[in-house]
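J.: let me see the structure of the following:
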Amino acid sequence: MTECELQTVISLPSGVFKPYAGVATAALIFQKGTPTKSVWFYDLTADGFSLDDKRTPIAANDIPAFSPNGRQREEGPNSYRVPIEKIKENDWSLAAGRYKARHS
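T.: Numbers count the residues shown, from 1 in each chain. This next block holds a predicted model:
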């Protein structure tokens with residue numbers, strides 16, 4: 001994070017990769033070239049499919065609300081921005097839950 005910009009941490013719910021794995025996961029989006037100043041966290045709660053082994057389509061889907069365009073990354077019910085100083089203070093932890101309570 002000191003040499004590349006960590007732009008986004010997308011928290012995915014456990015079950016997204018079922019039937020292969022049932023653990024919660026996160027996707028990290030980096031851009032090469034500049035150090036990180038702040039990180040935008042997005043809590044994806046639904047991906048349009050059930051979180052069981054069958055992964056059948058459902059109506060709930062947060063993916064359309066997620067914008068890959070950094071200029072549109074605003075804070076909201078599922079998203080918040082954390083300055084790099086706070087992440088450094090927390091031993092570089094990228095666990096979204098650590099910061100979410102401070103922004104809710």
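
J.: is it true that L28 touches F41?
T.: No. Counting by CB atoms under 8 Å, F41 is not a contact partner of L28; they are 10.7 Å apart. The C-beta positions use only the backbone N, C-alpha and C, and glycine is treated the same way.

J.: so for the two, which residue has more residues nearby?
T.: Taking other CB atoms under 10 Å, L28 and F41 do not tie; F41 has more neighbours (25 against 12).

J.: tell me how far the more buried one lies from V82.
T.: Counting by CB to CB, to the nearest Å, the gap from F41 to V82 is 6 Å.

J.: who touches stretch 1-20?
T.: With contact meaning CB atoms under 8 Å, 6 or more residues apart in numbering, stretch 1-20 is reached by 22-37, 39-47, 50-53, 55, 66, 70, 73, 84, 87, 92, 94, 96.

J.: typo on my end, stretch 22-37
T.: So stretch 22-37 is contacted by 1-17, 68, 83-84, 94, 96 (CB under 8 Å, 6+ apart).

J.: filter those residues down to the ones in helices?
T.: Secondary structure from DSSP state H places 84, 96 of the contacts of stretch 22-37 in helices.

J.: in the protein, which residue sits furthest out from the middle?
T.: What lies farthest from the middle of the chain is K54; by CA atoms, centre = their mean that is 24.0 Å.

J.: sec struct for it, please.
T.: coil (DSSP: H, G, I helix; E, B strand; the rest coil).

J.: how close does it sit to P64?
T.: Relative to P64, K54 is positioned 23 Å away (CB to CB).

J.: what residue ranges in the protein score low on pLDDT?
T.: Judged by pLDDT under 70, the chain has its weakly predicted residues at 66-72, 101-104.

J.: what ranges do the strands span in it?
T.: 4-12, 25-32, 38-43, 47-49, 57-61, 79-83 (DSSP state E).

J.: okay, the ones you listed, which one's buried deepest?
T.: strand 38-43 (a mean of 20; mean count of other CB atoms under 10 Å).

J.: since that was my last question, I'll sign off now.
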